Structure formats: C-alpha cells, structure tokens
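Participant: Test case, fold it:
(2 chains)
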Amino acid sequence: MAAAALCWALRAARQVLPLPCPRQVRSYHVDWRMLRDVKRRKTAYEYADERLRINAIRKNSILPKELQEVADKEIAALPRDSCPVRIRNRCVLTSRPRGVKRRWRLSRIVFRHFADHAQMSGVQRAMW
Amino acid sequence: TSTVLSKDKDTSSASKDSTPEGAAKRPEDGAETPKQQLLDIIGNMKVEVSYRKKLQQLKASENKKQAVNKLEGLDSEASVSQGITEDTQRGKPLNPELVKAASAVASSLPRNKKQTESELLAQLRRHEETTDKQKKGGAVNIRNVISEMTIKRQSPAPRGGRMAGRISLQLDEDGQRLRRERSSAQSLDSRRYLSLKVGKRLNIFTKASTEPEHALKTVSSPTIWDLEFAKEVAAVTAQPPRNGFEEMIQWTKEGILWEFPIDNEVGMEDDAEFHEHIFLEKHLKGFPKEGPIRHFMELVICGLSKNPYLSVKQKVEHIEWFQKYFEEKKELLQEI
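Facilitator: Next comes the predicted model:
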C-alpha cells in the first residue's frame, strides 16, 4: 500500500525542466482529482478509435441484432476510464470542477485574477 | 606591390575563367596537359609572395603530382618552380617555360593577344624581382615605413576639447545638426590621418596561412563522459533570454510557439492523391459481396471518403479493423 502510494506520488510529481527558464512551471498536479482526470483523458485517447468503431456497429439498423448485442457486451468490457463522458473540464490552475470557461481552461476566480492584473491578452473589463 | 598583386590576381582569375571556356572549345586529351600545366603555373603565381608560401606551394604541387599520374609536363613544372626558387640574380631572362605558358594564356584569351602576352611577361618579371628581394632576407625598407607616417602637428588635447565643445553645442537639436557634426568629424579625420586604403604596402605582416585539413578523425560511439560534458556545455551556454524576442525564439525552438507565417499543414504529410481518399472500394475485397455486412461497409466507405481529417493510412486501418472484427465473429454470423 505504501509502495503504491509512493509510486503514485512519484508519478504525480513531474520532473522540473533543467533549463533556467523564468516562466512559471508547475511540477505537480494540483490535487489527486486532477490526476485522475488526466488518467481518464489518456485512456480515453487510447481507446477512442475502438469505441468509435464498436459504437458504429451498435447504432445500426442494418446489421443483425445479435451482432449488436455482442458489440454491447464488448464495449462494456472496455476499461471504465476509457469513456470520454467521465472527463471533467477542470480548471487548469486550481482544479475547480465548476465555473470553468472552456476557452481559457481557467476557473472564473483565476480568470478574474489574471484579467485584473492585465495578464490575459485581449481581455478587458466590460462597460457598455 | 599591392597593386601589382591585385592586378595579377585579376588577370589570373580572368585567365582561369577563360581557360575553362577554352577547355570547352578544345576538348582534346592532348591539349589538357598544357592547359593543366598552365593552370598549375597560374595557381603557383597567384599567391602572396613570401618564402614560406613558396615552400607550401611546392609541397602542394608535389602532392598534386603524387595524386595524379602525369607526363613530362609535370617535370617541366617542377623545373619551373625550382627555377623560380633557385634564381638569385636580378634581371635574369625569364624561364622559357613561363614564357611558353604566358603565350598560351594570351592565345586563349579573346582580346589583344600580343598586348596581354607582353603584360603577363612584365608581371612575371616583377614577380621574380619581388621573390628575389624577399628571399634575400626580407629586409624591410625602413624608408618606406617612415615615409607613410605623418608628423602630428597639433596636440590632441585642445582638439579634443574643441570637438567636445562642438558636440555639446550640436546635441541640442537632433537630425540635421548631428549629420553636420558627423561630416565635420569625417573631414577632420581625413585631414589628420590618411585613410586606410591609400599608400604603399609595407609587407610587414604575412597573410594567415590556411593549412589543409587533416583527415577526419573517426569518432567511436560517444562515451558517457562526452555526453555529460556536452550537457554541461549546453547548460552553461544556454543563457536566459535578454529580451522578448529571444524568449520567443527559444519558445519556437522548443515547439511551444508556432512558426509564422502559420502553415496549416505542419506535421501533416499526406502525400496521397484525392482518388486514394475517395475510391476506397478496392479495400473491400475481403468482405462478402452480398448481405448486410457489405451494405454496412459501403456506408462506412462513403463516410470515410467524405472525411478530410484522416490520412489514407488511418482510413485503411479503419477498414482493416472491421475486417478483422467480422472474421472473428464469423461463427456467430453463420449461426444467424
């Protein structure tokens, strides 16, 4: 158990770049939920083609129903993390699950923080 | 002597340009050896006059000889070069070989043959004179050196003060005043000191010799220490960027920033023609010709042909996956 936890901890802590770069570098995922989300995205990417093809067989009016039932069972047998529905668009900096704008991948609070400090290009306070 | 050398270089380069043309005109094997002779002689004559250089040339010519098997033309060349180096007297009649070479060059050139010949011979004579002088010990003519130097008449301090005064006055306005100041500075300089390109060459310094590269050292697989050293060097030399431009350059190298103007097809190398994308029926050969599966696969192909985002490889893989899938389910299908 401890070893597994250690493993996960090591995987969570990504390596820092050796070069002296002045920009901000996160050497970790903000929390475990973010890490799980990252895992889900990876597996969803790996199984995306297979899922698409099996679904093409399933959502069909031409092929026989027995074949479609077999396809149903097959897709259920795939790992649970491989379905894209489980992915949650979290905030990239704070891992907040709600209030995330898709374009910037940031939660509303972080977005406001950066916009007020003029660190968001082309973002201005609305006034009309 | 600089003018002499430059002229010689021009003529030799001109003759070199003409001789390949001449070679094109007479593509005979017999004419190649005198032409090669010519070229080698000219190559020998073209370089700066110094004893070290002459030795190097000799070595080079010897190497050339060893590399290429030639006839007595080369022996005559050797005698020619030897003749040049062994000659000590002044005003000695020119080597008959050189005369022959000069006449050949003159004949190959398109214009006044006699004039060019006489000019070349005169230059050869001057060459021999200079080689004699240099070989005698290279005694630098002090008179020549001193004649180039001019005596400073005014002390530099008040001049500097005057210039400073001028600068302080003229920095009030930009543009026109600054231009005037610059031109006045230039004229002052030209009055005080001679420009760099005017005057006789003193021949105190010899040109840096470009030694021929030695054979490439064969590198065995780089050791770990070499890799570590290389990494260290890279880490030390990679200074943080001084400004935004350098930062952007670094990002582009790393791949974070795209290259502008944006190329929409970066990383996408689809060399296939349009017909390979659209006409995919040839991939349907493994499927039964009738039945619902064929119907299904035809729909699949119709969809793939309209898909601009996949490469031909990916489409073929798609179809092959279906083929494999249906083969696995064959027993099931036969039950139905």
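Participant: Local confidence estimate at residue 4?
Facilitator: No chain in the question, so chain A it is. pLDDT, the model's per-residue confidence, is 50 for A:A4.
Participant: looking at chain B here, not the other one
Facilitator: Per-residue confidence for B:V4 comes out at a pLDDT of 49.
Participant: Quick check: the residue of the stretch 1-150 of chain B nearest chain A.
Facilitator: Among the residues of the stretch 1-150 of chain B, B:Q56 lies nearest to chain A; the distance is 46.6 Å by C-beta to the nearest C-beta. The C-beta positions use only the backbone N, C-alpha and C, and glycine is treated the same way.
Participant: what helix or strand is that residue on?
Facilitator: helix B:51-67 (DSSP states H and E).
Participant: Would you mind naming what in chain B lies close to chain A?
Facilitator: B:235, B:238, B:240-241, B:292-293, B:295-296, B:299-300, B:318, B:321-322, B:325, B:329, B:332-333, B:335-336 (C-beta under 8 Å from any C-beta of the partner chain).
Participant: Take those and keep only those in helices.
Facilitator: Under the assignment DSSP state H, the residues of chain B next to chain A contribute B:235, B:292-293, B:295-296, B:299-300, B:318, B:321-322, B:325, B:332-333, B:335 to helices.
Participant: Could I get the buried residue list for the biggest helix by length in chain A?
Facilitator: As assigned by DSSP H, the longest helix anywhere in chain A is helix A:32-46. Going by neighbour count (16 or more other C-beta atoms under 10 Å in any protein chain shown), the buried part of helix A:32-46 is A:34-35, A:37, A:40, A:43-44.
Participant: can you check stretch A:79-95 too?
Facilitator: For stretch A:79-95, by 16+ other C-beta under 10 Å, it's A:81-83, A:90-93, A:95.
Participant: Need the residues you listed in TSV (columns: pLDDT).
Facilitator: What follows is the buried residues of stretch A:79-95, written out as TSV (pLDDT from 0 to 100):
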residue	pLDDT
A:D81	94
A:S82	94
A:C83	93
A:R90	96
A:C91	96
A:V92	94
A:L93	94
A:S95	94
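Participant: Can you redo those residues as JSON lines, where the extra columns are distance to B:G199 and secondary structure?
Facilitator: Shown next, in JSON lines, are these (distance: C-beta to C-beta, whole Å; DSSP: H, G, I helix; E, B strand; the rest coil):
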{"residue": "A:D81", "distance to B:G199": "84", "secondary structure": "helix"}
{"residue": "A:S82", "distance to B:G199": "84", "secondary structure": "helix"}
{"residue": "A:C83", "distance to B:G199": "86", "secondary structure": "coil"}
{"residue": "A:R90", "distance to B:G199": "78", "secondary structure": "coil"}
{"residue": "A:C91", "distance to B:G199": "75", "secondary structure": "coil"}
{"residue": "A:V92", "distance to B:G199": "70", "secondary structure": "coil"}
{"residue": "A:L93", "distance to B:G199": "70", "secondary structure": "coil"}
{"residue": "A:S95", "distance to B:G199": "77", "secondary structure": "coil"}
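Participant: In contact with the residue of chain A at minimum distance from chain B, which residues?
Facilitator: Chain B sits closest to A:I62 of chain A, with a gap of 4.9 Å, by C-beta to the nearest C-beta. Going by C-beta atoms under 8 Å, 6 or more residues apart in numbering or on different chains, A:I62 touches B:292, B:295-296, B:299.
Participant: Could you chop chain A up by domain?
Facilitator: According to the TED database, chain A comprises the domains A:30-88, A:91-127.
Participant: okay, the nearest residue to B:E259 once chain neighbours are set aside: pLDDT?
Facilitator: The shortest distance from B:E259 to any non-neighbouring residue, by C-beta to C-beta, 6 or more residues apart in numbering or on different chains, is to B:T252 (6.2 Å). What the model reports for B:T252 is a pLDDT of 93.
Participant: B:T252 - that's part of a helix, no?
Facilitator: Yes: the assignment for B:T252 is a helix, going by DSSP: H, G, I helix; E, B strand; the rest coil.
Participant: B:E281 contacts B:L304, correct?
Facilitator: No: applying C-beta atoms under 8 Å as the test, B:E281 and B:L304 come out as separate, 11.1 Å apart.
Participant: what about these two, which has more around it?
Facilitator: Using other C-beta atoms under 10 Å in any protein chain shown as the criterion, B:E281 and B:L304 rank with B:L304 on top: 19 against 11.
Participant: Check the gap between that one and B:K285 for me.
Facilitator: Applying C-beta to C-beta, to the nearest Å, the value for B:L304 to B:K285 is 16 Å.
Participant: For B:S311, list the residues it contacts.
Facilitator: Applying C-beta under 8 Å, 6+ apart to B:S311 gives the contacts B:268, B:270, B:272.
Participant: roughly how far apart are it and chain A?
Facilitator: 13 Å (C-beta to the nearest C-beta, to the nearest Å).
Participant: gap between that residue and B:E265?
Facilitator: For B:S311, the distance to B:E265 (C-beta to C-beta) stands at 12 Å.
Participant: Chain neighbours aside, what residue packs nearest to B:M248?
Facilitator: Nearest one to B:M248, counting by C-beta to C-beta, 6+ apart, is B:L257 at 6.0 Å.
Participant: Equivalent analysis for B:L120, please.
Facilitator: Nearest to B:L120 is B:A102, by C-beta to C-beta, 6+ apart, at 4.2 Å.
Participant: Let me know the helix or strand that that neighbour is in.
Facilitator: helix B:96-108.
Participant: same question for that helix, mean pLDDT?
Facilitator: The model assigns helix B:96-108 a mean pLDDT of 78.
Participant: which of the residues in that helix are buried?
Facilitator: B:97-98, B:100-106, B:108.
Participant: sorry, back to before: these two touch, right, the residue nearest to B:L120 and B:A122?
Facilitator: No: B:A102 lies out of contact with B:A122 (C-beta under 8 Å); the separation is 9.9 Å.
Participant: from the buried residues of helix B:96-108, which is closest to A:V70?
Facilitator: Each of the buried residues of helix B:96-108 was checked against A:V70 using C-beta to C-beta; the closest is B:S108, at 88.4 Å.
Participant: picking that back up, what sits in contact with each of B:E281 and B:L304?
Facilitator: Joint contacts of B:E281 and B:L304 (C-beta under 8 Å, 6+ apart) do not exist.
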